[in-house]
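1. This is a predicted model, with the sequence first.
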Amino acid sequence: MTQPDAATPAGSTGAARPQQGAGGVELLAGRSAEVGGLTLQRLLPQRGRRSIGAWCFADHAGPVALGADAAGMQVPPHPHIGLQTFTWMICGEVLHRDSLGHRQVIRPGELNLMTAGRGIAHAEQSVAGSGALHAAQLWIALPAAQRAVEPRFDHHAELPRWREAGVECTLLAGECGGLRAPTRVYSPLLALELRSPDGGRIRLPADRGFEYGAMLLEGRVEVQGTSLTGRQLACLGAARERIELQLEAGARVLLLGGEPLGEQLLMWWNFVGREREEITEARRQWEAGSPRFGEVPGFGGHRLPAPPLPWRV
Ligand code: MN
């Protein structure tokens with residue numbers, strides 16, 4: 001569902017200053033962005049925080065009720081390079097179509113992972129009559145050495161799930177408590193959704209080499225004693241032995257982690273790269289209808305044109 005703001009280079013994003021919470025936690029507010037006809041909250045990247053591990057982009061869509069005749073989210077075909085799109089569905093249904101020919105409806109509790117690698121195009125549309133939309137969509141930057149891997153698409157309906165101290169855990173990427181998510185990622189990462197119908201407190205072992213963040217999806221959560229409300233991202237930094245989260249009844253939070261990237265990304269529009277030249281070339285090829293990206297079959301509308309580049313070529 002990603003269609004970042006047109007001409008905004010990622011380097012100029014982010015408005016609010018971080019707030020310091022307890023336990024070395026930094027709180028970042030999101031900002032509104034428009035994607036496919038819906039207003040959502042963008043939590044990454046921000047000026048003060050470019051990424052958490054390889055997680056370089058984070059949107060929180062909804063929750064929003066959609067009337068019977070509402071179009072919901074309608075994102076026409078658009079290209080990606082150098083990243084994986086990671087879509088976690090909480091409520092509603094979205095149809096994904098891509099230029100490899102995949103056609104997949106994603107439902108609550110399911111994950112779509114699209115590896116763009118050297119190039120792919122996709123479209124995302126709310127399914128008519130699905131009633132609501134609530135989802136998180138993130139991007140994972142591919143490491144430089146793997147940035148041009150073959151594109152692929154994976155849908156995961158079965159993920160490791162367990163219950164601990166009143167908290168329902170779903171492992172979306174990486175490893176936790178001896179379990180491993182089936183998700184194919186290219187750098188050490190974690191994505192763990194925690195949900196508590198009646199409230200609960202959980203202590204998770206942390207990897208000292210990871211930096212962590214927590215994205216609040218519903219309700220109210222305390223992370224290391226710092227309270228998160230509304231559309232906030234809590235950044236926990238690295239070198240932690242464990243992470244403690246207190247979930248109020250009905251709360252839902254997405255814990256993200258990963259080894260710090262250690263390289264500077266250049267993000268523009270739907271592309272993740274390192275050099276202006278590769279972004280400029282990807283844009284030129286999309287505009288020229290190059291087979292690098294291909295066509296998204298079955299979408300009855302126009303594809304998204306690329307905005308002008310923010311630099312001279
Ligand atoms: Mn996209």
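-> Yes, it's here.

2. drop to CA atoms for contacts and neighbour counts, all remaining ones
-> OK.

3. Quick one: classify Ala282 as helix, strand or coil.
-> helix (DSSP: H, G, I helix; E, B strand; the rest coil).

4. I misspoke; the intended subject was Gly23.
-> Quick answer, by three-state DSSP: Gly23 is helix.

5. wait, is Trp162 part of a strand?
-> Yes: secondary structure assignment places Trp162 in a strand (three-state DSSP).

6. Next up, the contacts around the closest residue to it other than its chain neighbours.
-> Leaving aside its chain neighbours, Trp162 sits nearest to Cys169 (5.3 Å; criterion: Cα to Cα, 6 or more residues apart in numbering). By Cα atoms under 8 Å, 6 or more residues apart in numbering, Cys169 lies in contact with Arg161, Trp162, Arg163, Leu192, Glu193, Leu194, Arg195.

7. Look up how far Leu217 lies from Cys169.
-> Distance of Cys169 to Leu217, given as Cα to Cα, to the nearest Å: 14 Å.

8. next one: Glu164
-> 19 Å.

9. the more surrounded of those two?
-> The neighbour comparison of Glu164 against Leu217 (other Cα atoms under 10 Å) goes to Leu217, with 27 against 13.

10. quick one: that one from Glu26, how far?
-> Separation of Leu217 from Glu26 (Cα to Cα): 17 Å.

11. Burial check on the residue lying closest to Arg180 once chain neighbours are set aside, number of neighbours?
-> Excluding its sequence neighbours, the residue lying closest to Arg180 (Cα to Cα, 6+ apart) is Gly174, at 5.8 Å. Counted with other Cα under 10 Å, residues neighbouring Gly174 total 21.

12. Just list the residues touching Ala282, thanks.
-> Ile81, Phe271.

13. any idea how far Ala157 is from it?
-> From Ala282 over to Ala157 the distance is 32 Å, taken as Cα to Cα.

14. Could you pull up the residues touching the closest residue to Ser99 other than its chain neighbours?
-> Distance criterion Cα to Cα, 6+ apart; nearest residue to Ser99, sequence neighbours excluded, is Val296 at 4.4 Å. With contact set as Cα under 8 Å, 6+ apart, Val296 has these partners: Pro77, Arg97, Asp98, Ser99, Leu100, Gly101, Ala121, His122, Ala123.

15. Let me have those in CSV, extended by neighbour count, distance to Gly129 and pLDDT.
-> Compiled in CSV, the contacts of Val296 are given as follows (neighbours: other Cα atoms under 10 Å; distance: Cα to Cα, whole Å; pLDDT from 0 to 100):
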residue, neighbour count, distance to Gly129, pLDDT
Pro77, 23, 22, 98
Arg97, 23, 18, 98
Asp98, 26, 22, 98
Ser99, 23, 25, 98
Leu100, 17, 27, 98
Gly101, 14, 24, 97
Ala121, 24, 25, 98
His122, 29, 22, 98
Ala123, 26, 18, 98
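
16. wait, which of those residues is closest to Leu38?
-> Ala123 (14.7 Å; Cα to Cα).

17. Look up which residues are beta-bridged to that closest one.
-> Arg97 (DSSP bridges).

18. Could you verify my assumption that it touches Val75?
-> Yes: the pair Ala123 / Val75 is scored as a contact, 5.6 Å apart, by Cα atoms under 8 Å.

19. Skipping adjacent residues, who's closest to the most centrally placed residue in the chain in space?
-> With distances taken as Cα atoms, centre = their mean, Leu138 lies nearest the centre of the chain, 0.8 Å away. Excluding its sequence neighbours, the residue lying closest to Leu138 (Cα to Cα, 6+ apart) is Ala58, at 4.3 Å.

20. do Gly200 as well
-> Gly166 (4.8 Å).

21. Count the neighbours of the one you found for me.
-> For Gly166, the neighbour count with other Cα under 10 Å is 17.

22. who touches the lowest-mean-pLDDT helix or strand in the chain?
-> One helix or strand of the chain scores below all others by mean pLDDT, DSSP states H and E: strand 19-20, with a mean of 84. Residues from elsewhere that reach strand 19-20, judged by Cα under 8 Å, 6+ apart: Glu26, Leu27, Leu28.

23. before we move on, what about stretch 271-279?
-> By Cα under 8 Å, 6+ apart, the residues outside stretch 271-279 that reach it are 79-83, 141, 147, 264-268, 282.

24. what's the answer for stretch 103-119, then?
-> The contact list for stretch 103-119, computed with Cα under 8 Å, 6+ apart, reads 79-97, 142, 146-158, 172, 183, 292-293.

25. Quick check: mean pLDDT of the host helix or strand of Met114?
-> Under the criterion of DSSP states H and E, Met114 resides in strand 111-115. The average pLDDT within strand 111-115 is 98.

26. Okay, buried residues for it please.
-> Of the residues in strand 111-115, Leu111, Asn112, Leu113, Met114, Thr115 count as buried by neighbour count, 16 or more other Cα atoms under 10 Å.
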